[in-house]
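Undergrad: based on what follows, work out the 3D shape:
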Amino acid sequence: MRRNVQVLLLVLSGAGLLHISLLTDVCLRFVKEGLRPALVLSGAALVLLGLVAAARDGFPYGRRPPAGGRDGDGGHGHGHARGPGIAWLLFFPALSLLFFTPPALGAYTAARETGAPAEEPVRHFAPLPAESPVRLTLTEFRLRARQDRSRSLEDRTVALMGFVTPARDGGWFLSRLLISCCAADSRAVKIRVRGAVPPAADSWVRVTGRWHPGEAPEEVAVDAEMVRPVPEPANPYRDSAPPPTS
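TA: Sure thing, here's the model as predicted:
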């Protein structure tokens, strides 16, 4: 790989990072929102390094080699200006950041996570608001269903939002994937949905219904009264309550 191609690779990699972190929200499909500034700084640094190298070495055509030796040979007969040929493969991730938008993790990942997620004990739950339906995150709904001794969910209509995960028995879950750092450490929060035909896997829906008590200890369920599609949120790994309806 020639020196001028290495410069191009630096600039493309930096531009790709800036594209997914500064110009779009694509980076939120890989890492948590708090890491966005680090990605922006990394992308800017790569672009700056590429521009400095281009000004120093000449771009797109390299500067003429000094008299008495080939380009980058230091006068001793073999050059150092070219990198290994396998470095050409680095163009694939660099270009994919610019031209390919991978989907966030979804039903495939959530369906393969078994067992109940780890939960910290909650001693006191604040009273639910008077609105109906009560808009809740999947995490809060699950915690109240499993730990709230006052049974604050009883006889209350709730609204939940997540993506559809098919169950092995033909039913389905409303799911969210939460991350601590990046998509590699994701963990699933799932609510069993009863009384509604399963929508397409990975589709985002808003479910309005009531808590269905009496499930297995590791499972929390809701009796659906209405299921309607919603757009995928910009940050799919943040367990947010559904927005208010107009």
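Undergrad: what's the longest helix in this protein?
TA: helix 36-57 (DSSP state H).
Undergrad: any low-confidence regions in the chain?
TA: For the chain, the stretches with pLDDT under 70 are 1, 59-83, 114-118, 215-217, 246.
Undergrad: go again with 50.
TA: In the predicted model of the chain, residues 76-78 satisfy pLDDT under 50.
Undergrad: closest to the centroid, which residue in it?
TA: The chain has R29 as the residue nearest its centroid, 2.3 Å off, counting by CA atoms, centre = their mean.
Undergrad: in terms of contact, does L9 touch P93 like I think?
TA: No: with contact defined as CB atoms under 8 Å, L9 does not reach P93; the gap is 10.3 Å. Every residue, glycine included, has its C-beta placed from N, CA and C.
Undergrad: that older thread, what does the longest helix of the chain contact?
TA: 3-4, 6-8, 10-11, 13-18, 20-22, 27-28, 31, 59, 63 (CB atoms under 8 Å, 6 or more residues apart in numbering).
Undergrad: and V207, helix, strand or coil?
TA: At V207 the chain is in strand, as set by DSSP: H, G, I helix; E, B strand; the rest coil.
Undergrad: how close does it sit to L160?
TA: 5 Å (CB to CB, to the nearest Å).
Undergrad: kindly export the longest helix of the chain (C-alpha atoms) in PDB.
TA: What follows is helix 36-57 as a C-alpha-only set of coordinates in PDB (Å, rounded to 0.1, in the frame of the first residue of the first chain):
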ATOM      1  CA  ARG A  36     -20.300   9.800  21.400                       C
ATOM      2  CA  PRO A  37     -17.900  12.700  22.300                       C
ATOM      3  CA  ALA A  38     -15.000  10.200  22.300                       C
ATOM      4  CA  LEU A  39     -15.900   9.000  18.800                       C
ATOM      5  CA  VAL A  40     -16.200  12.600  17.500                       C
ATOM      6  CA  LEU A  41     -12.700  13.500  18.900                       C
ATOM      7  CA  SER A  42     -11.300  10.200  17.400                       C
ATOM      8  CA  GLY A  43     -12.800  10.900  14.000                       C
ATOM      9  CA  ALA A  44     -11.500  14.500  14.000                       C
ATOM     10  CA  ALA A  45      -8.000  13.400  15.000                       C
ATOM     11  CA  LEU A  46      -7.900  10.800  12.200                       C
ATOM     12  CA  VAL A  47      -9.000  13.400   9.600                       C
ATOM     13  CA  LEU A  48      -6.500  15.900  10.900                       C
ATOM     14  CA  LEU A  49      -3.600  13.400  10.800                       C
ATOM     15  CA  GLY A  50      -4.600  12.400   7.300                       C
ATOM     16  CA  LEU A  51      -4.600  16.100   6.100                       C
ATOM     17  CA  VAL A  52      -1.200  16.700   7.800                       C
ATOM     18  CA  ALA A  53       0.300  13.600   6.100                       C
ATOM     19  CA  ALA A  54      -1.200  14.700   2.800                       C
ATOM     20  CA  ALA A  55       0.400  18.100   3.100                       C
ATOM     21  CA  ARG A  56       3.700  16.600   4.100                       C
ATOM     22  CA  ASP A  57       4.000  13.800   1.600                       C
END
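Undergrad: what residues sit buried inside it?
TA: Of all the residues in helix 36-57, those buried under the rule 16 or more other CB atoms under 10 Å are 36, 39-40, 43, 46-47, 50, 53-54, 57.
Undergrad: narrow the contacts of helix 36-57 to those in helices?
TA: Those of the contacts of helix 36-57 lying in helices (DSSP H): 3-4, 6-8, 10-11, 13-18.
Undergrad: can you redo those residues as a markdown table with distance to C182?
TA: A markdown table is the format used below for these (distance: CB to CB, whole Å):
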| residue | distance to C182 |
| --- | --- |
| R3 | 33 |
| N4 | 33 |
| Q6 | 28 |
| V7 | 29 |
| L8 | 28 |
| L10 | 23 |
| V11 | 25 |
| S13 | 18 |
| G14 | 20 |
| A15 | 21 |
| G16 | 17 |
| L17 | 15 |
| L18 | 19 |
